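**Student:** build me a model:
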Amino acid sequence: MKRSHLVAALSLALAACSPTQVVVTAELETEDPATGETVMRPVSDLEVQILPFDRDAIFDSLATAYGTPEPPIPDSVLNAQEEISAAQQRWRQLENRWNTLRDTLQTINDSLQQYNRGEARYVTLFNEFGDLEGELNGVERQMNQAFEEFTDLQEANNAAAQAIRLQREEWANDAFAEVNDVWTEKIRTTGLNPAADTTDASGVATLAVKPGQYWVHARVDEVYSELYWNVPLTVEGGDPVTLVLTRDNAQVRPKL
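**Tutor:** Now for the predicted structure:
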């Protein structure tokens, strides 16, 4: 073999064995409180794992072998959670409106100090202040009522949710008792090691793994659900591999 061909072959072999950089970016849409528009925000402090096996397949296999199905979350609890979430959203919307009115009244009050009582601008601002103050009082009553409705619904559902949560935790402890042993064996047979990193302020996690087949796992807790990622990823030697985690490629799972 010519020297140039030998060098090229060795370079390819080393590239195939060397760790490859995997850059994972996490971002989710959220409402901008200033404009009310939906914008994409990076998700910081998110633990990202790259696993050389499909964790869902392992859990499914263990659940099947256990024989007894996982206790489901009753529809009554899920429906109650939807009502609680809606009530919470209404309360927060009213709270945001109340804060906006309060700040606006403070601004008007500051502006009033610049004019004499007889000036036209003073009269205009004074009337505007009175109108907004009346609205503020009405919104405050609605806000307090919405908060009471939210807390009443939440308290009414707590006992049922806690009971089913304990049942599901007990089931999982038994059904998945051997999961660590299974994971260890999977790592041994694949010859590939998992990797983990936490996203920075810009929502980026950087990991390095050997070429092979992996699954990227992460999760974000929401109020009554979680965003769950278990995304397959083929890593080849050479240039960095990039993956963006968004709501579009996540599963939305109910939680208690």
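**Student:** pretty sure residue 73 sits in a helix.
**Tutor:** No. Counting by DSSP: H, G, I helix; E, B strand; the rest coil, one finds residue 73 to be coil, located in no helix.
**Student:** next up, the contacts around the closest residue to residue 196 other than its chain neighbours.
**Tutor:** Of all residues not flanking residue 196 in the chain, residue 49 sits nearest, at 4.7 Å (CB to CB, 6 or more residues apart in numbering). The way it works is simple: take the backbone N, C-alpha and C, and place the C-beta from them, glycine included. Counting by CB atoms under 8 Å, 6 or more residues apart in numbering, residue 49 touches 194, 195, 196, 216, 217, 218.
**Student:** pick out the residue closest to the middle of the chain.
**Tutor:** Centroid-nearest residue in the chain: residue 220, 3.1 Å away (criterion: CA atoms, centre = their mean).
**Student:** assign the nearest residue to that one once chain neighbours are set aside to helix, strand or coil.
**Tutor:** Counting by CB to CB, 6+ apart, residue 227 is the residue found nearest to residue 220 once chain neighbours are left out, at 4.3 Å. Taking three-state DSSP as the rule, one finds residue 227 in the strand state.
**Student:** neighbours of residue 227, how many?
**Tutor:** 21 (other CB atoms under 10 Å).
**Student:** hmm, residue 219 and it touching each other?
**Tutor:** Yes. Counting by CB atoms under 8 Å, residue 227 sits close enough to residue 219 to count as a contact (6.5 Å).
**Student:** on that earlier part again, so the residue nearest to the centre of the chain sits in a helix?
**Tutor:** No. Under the criterion used here (three-state DSSP), residue 220 is strand, not part of a helix.
**Student:** list the helices and strands the lengthiest helix in the chain packs on?
**Tutor:** Across the chain, the helix with the greatest residue count (assigned by DSSP state H) is helix 120-175. Judged by 3 or more CB pairs under 8 Å, 6 or more residues apart in numbering; DSSP states H and E, the packing partners of helix 120-175 are helix 55-66, helix 75-112.
**Student:** find the nearest non-adjacent residue to residue 18, please.
**Tutor:** Per CB to CB, 6+ apart, closest to residue 18 is residue 237, 6.3 Å.
**Student:** which among the helices and strands packed on helix 120-175 is found nearest to residue 242?
**Tutor:** Residue 242 lies closest to helix 55-66 among the helices and strands packed on helix 120-175, at 21.6 Å (CB to CB).
**Student:** what does the average pLDDT come to for the closest one?
**Tutor:** The average pLDDT within helix 55-66 is 97.
**Student:** which parts of that helix are buried?
**Tutor:** 55, 58, 59, 62, 63, 66 (16 or more other CB atoms under 10 Å).
**Student:** the fourth one contacts residue 178, correct?
**Tutor:** Put plainly, it is residue 62. Yes. Taking contacts as CB under 8 Å, residue 62 lies within contact range of residue 178: 6.8 Å.
**Student:** for the residue nearest to residue 80 when sequence neighbours are not counted, give me its contacts.
**Tutor:** With sequence-adjacent residues excluded and distances taken as CB to CB, 6+ apart, residue 80 is closest to residue 157, at 4.2 Å. Residues near residue 157 by CB under 8 Å, 6+ apart: 77, 80, 81, 84.
**Student:** residues touching the second one, list them.
**Tutor:** Right, the one you point to is residue 80. By CB under 8 Å, 6+ apart, the contact list for residue 80 reads 153, 156, 157, 160, 161.
**Student:** relative to residue 97, how far out is it?
**Tutor:** 26 Å (CB to CB, to the nearest Å).
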